[in-house]
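Undergrad: Take a look and give me a structure for this.
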Amino acid sequence: MTFEHGDLAVLNENSDIGIPKHIGDLVQITNTEGSPMYDYKARLLCNGRIISVKDIELSHIDKNNPLLMFNIGNKLLYKPTDEECEIVKIDYLYNQIEVKFKDGSCRVERPESLQLNENDIERKSETKSNEQNLVKLFLSPYKKENTYHIPENLMDEIITELQQRW
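TA: Numbering: from 1, shown residues only. Here you go, the predicted model:
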């Protein structure tokens, strides 16, 4: 098995759960199952549902993937036309974002053509809130009552990641 508890992964084309609905969706490994039919239990980050998956159904995702800074519902600027749009779906397998414009039309775009509006204070706080929610989601397997019990090796990874970002 190539994934550990807490790892992020992407459901790939080999996934037989909800095809094609969840292909490209992000999951977090919550447990290794030890079943002859499945290798892991994972949480779909789009809806929180726990699913059983095989190792072959998952692809690795780089921790620095720019898609990880976006969330469904984020308001963005579509750079080519300077139009505001909203994220309706993120495909982590093919690195694409589906956005909806004010006129109701939708497009699938690469992240490079989209921009978070950093000058908008409300959006900054929304982004900060999304980051906090993402951290809480990543750490949820380690939460017992109101305390997080984080393994030392994970703590080292968190500190290294923070040092790289600042």
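Undergrad: How much space separates Met69 from Ile97?
TA: Distance from Met69 to Ile97, counting by Cβ to Cβ, to the nearest Å: 11 Å. The C-beta positions use only the backbone N, C-alpha and C, and glycine is treated the same way.
Undergrad: And for Pro80?
TA: With Cβ to Cβ as the criterion, Pro80 and Ile97 are 14 Å apart.
Undergrad: mind giving me the domain ranges of this protein?
TA: The record assigns the chain these domain ranges, following automatic domain parsing: 8-60, 66-117, 128-165.
Undergrad: between the ones you listed, which gets nearest to Thr2?
TA: Counting by Cβ to Cβ, Thr2 lies closest to domain 8-60 out of the domains of the chain; the figure is 6.0 Å.
Undergrad: How far does that closest one stretch from one end to the other?
TA: The first residue of domain 8-60 is 7 Å away from its last residue (Cα to Cα, to the nearest Å).
Undergrad: Quick check: phi and psi at Leu139.
TA: As for Leu139, its main-chain torsions (degrees, to the nearest 10) stand at phi -90, psi 0.
Undergrad: now swap in Asn64 and tell me
TA: Per-residue torsions, Asn64: phi -100, psi 10 (degrees, to the nearest 10).
Undergrad: quick one on the thing from earlier: looking at Pro80 and Ile97, which is more packed in?
TA: More neighbours sit around Ile97 than around the other of Pro80 and Ile97, counting by other Cβ atoms under 10 Å; the figures are 24 against 8.
Undergrad: May I have the beta-bridge partners of the more buried one?
TA: With DSSP bridges as the criterion, the beta-bridge partners of Ile97 are Ile90, Glu109.
Undergrad: Could you tell me which ranges of the protein sit under the pLDDT cut-off?
TA: 1, 17-20, 34, 117-131, 134, 160-166 (pLDDT under 70).
Undergrad: From Gln96, how far off is the residue nearest in space to the middle of it?
TA: Most central residue of the chain, judged by C-alpha distance to the mean C-alpha position with Cα atoms, centre = their mean, is Leu26 at 4.8 Å. Summarising the geometry, the distance separating Leu26 from Gln96, computed by Cβ to Cβ, is 13 Å.
Undergrad: okay, and the common contacts of the two?
TA: Between them, Leu26 and Gln96 share the neighbouring residues Ile90, with contact defined by Cβ atoms under 8 Å, 6 or more residues apart in numbering.
Undergrad: related to what we said a few turns ago, residues bridging contact with Met69 and Ile97, i.e. touching both?
TA: Going by Cβ under 8 Å, 6+ apart, no residue sits against Met69 while also sitting against Ile97.
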